[in-house]
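Novice: Sequence and predicted structure are below.
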Amino acid sequence: MEYFNIFVKSIFIDNMIFAFFLGMCSYLAVSKTVKTSLGLGVAVTFVLLITVPVNYLIDKYLLQPGALTWISPSLADVDLSFMSLILFIAVIAAIVQIVEMVVEKFSPALYNALGIFLPLIAVNCAVLGGSLFMQQRAYANVGQVTCFALGSGIGWLLAIVGIAAIREKLRYSAVPPALRGVGITFIITGLMGIAFMSFMGIKL
């Protein structure tokens, strides 16, 4: 039940876009079509699913104060937590590079459609935010961390696909000229964020 609670909460209540506004750059730039939004959303979900558990293990067994006691009791006083940010970013960059190569090889059309925003997943604050939230919330085990990472990725995926579907429909709508493009997208994002706030009353 605890795993399900973390999973659902990370999708709806602690949604990376609507609760914390993380990953807005890619969210606004790529969400012009559902197809490209779905591709980027799946890529971000995959990167989160890999990097957050890996960073959890690195943090637990290498970086936390006294984490190196499994190597030697004499290292009990070693504290490498100051390196957490740079190591988290290094892991994310490595995984994104692998994802980029796989997408380029097996789906060149999607690779061209995503353009610069595929390698920019490495600096997507939603991805780094997942690792930092994991560290801050001190999850008990890697299972909880994996549920959080998967839920966070799916939440970001739902957000970008949802706004992309709405933007496709807006092409046929009489939007005032001053609000066309990013302007109306910001307004709809705010309304979707308010809608997602209704999930805060969920008790699991």
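Specialist: Happy to help now that I have it.
Novice: Look at Val103 and say how many residues are nearby.
Specialist: Here the number of neighbours of Val103 (other Cβ atoms under 10 Å) works out to 20. The C-beta positions use only the backbone N, C-alpha and C, and glycine is treated the same way.
Novice: For Ala113, see how far away it is.
Specialist: 10 Å (Cβ to Cβ, to the nearest Å).
Novice: likewise Val47?
Specialist: Following Cβ to Cβ, the distance that separates Val47 from Ala113 is 18 Å.
Novice: The two - which one has more neighbours?
Specialist: Using other Cβ under 10 Å, the more surrounded residue of Val47 and Ala113 is Val47, with 24 against 18.
Novice: Okay, buried residues for stretch 48-64 please.
Specialist: Buried positions in stretch 48-64, judged by neighbour count with 16 or more other Cβ atoms under 10 Å: 48-56, 58-60, 62-64.
Novice: now, which of those sits nearest Gln136?
Specialist: Set against Gln136, the nearest of the buried residues of stretch 48-64 by Cβ to Cβ is Asp59 (10.8 Å).
Novice: Show me what the helix or strand where Gly130 lies is packed against.
Specialist: For Gly130, the host element (DSSP states H and E) is helix 125-137. Using 3 or more Cβ pairs under 8 Å, 6 or more residues apart in numbering; DSSP states H and E as the contact test, the elements touching helix 125-137 are helix 34-58, helix 84-106, helix 142-170.
Novice: any idea of the mean pLDDT in the first one?
Specialist: Throughout helix 34-58, pLDDT has a mean value of 92.
Novice: If you compare the directions of it and helix 142-170, what angle comes out?
Specialist: In this structure, helix 34-58 runs at an angle of 160 degrees to helix 142-170, with axes from the mean of the first three to the mean of the last three Cα atoms, to 10 degrees as the basis.
Novice: So which bits of the helix or strand of the chain with the lowest mean pLDDT are buried?
Specialist: Counting by mean pLDDT, DSSP states H and E, the chain has its least confident helix or strand at helix 108-114, which shows a mean of 81. Under the neighbour-count criterion of 16+ other Cβ under 10 Å, helix 108-114 has 110-111, 113-114 buried.
Novice: ok, of those, which one's closest to Arg180?
Specialist: For the buried residues of helix 108-114, the residue nearest Arg180 by Cβ to Cβ is Ala113; the value is 21.8 Å.
Novice: Report the contact partners of the residue lying closest to that closest one once chain neighbours are set aside.
Specialist: In this structure, Ala113 finds its nearest non-sequential neighbour in Thr36, 4.5 Å apart by Cβ to Cβ, 6 or more residues apart in numbering. Contacts for Thr36 were tallied using Cβ atoms under 8 Å, 6 or more residues apart in numbering; they are 30, 110, 113-114, 164.
Novice: so Gly39 touches Ser107, yeah?
Specialist: Yes: using Cβ atoms under 8 Å, Gly39 is in contact with Ser107, at 7.4 Å.
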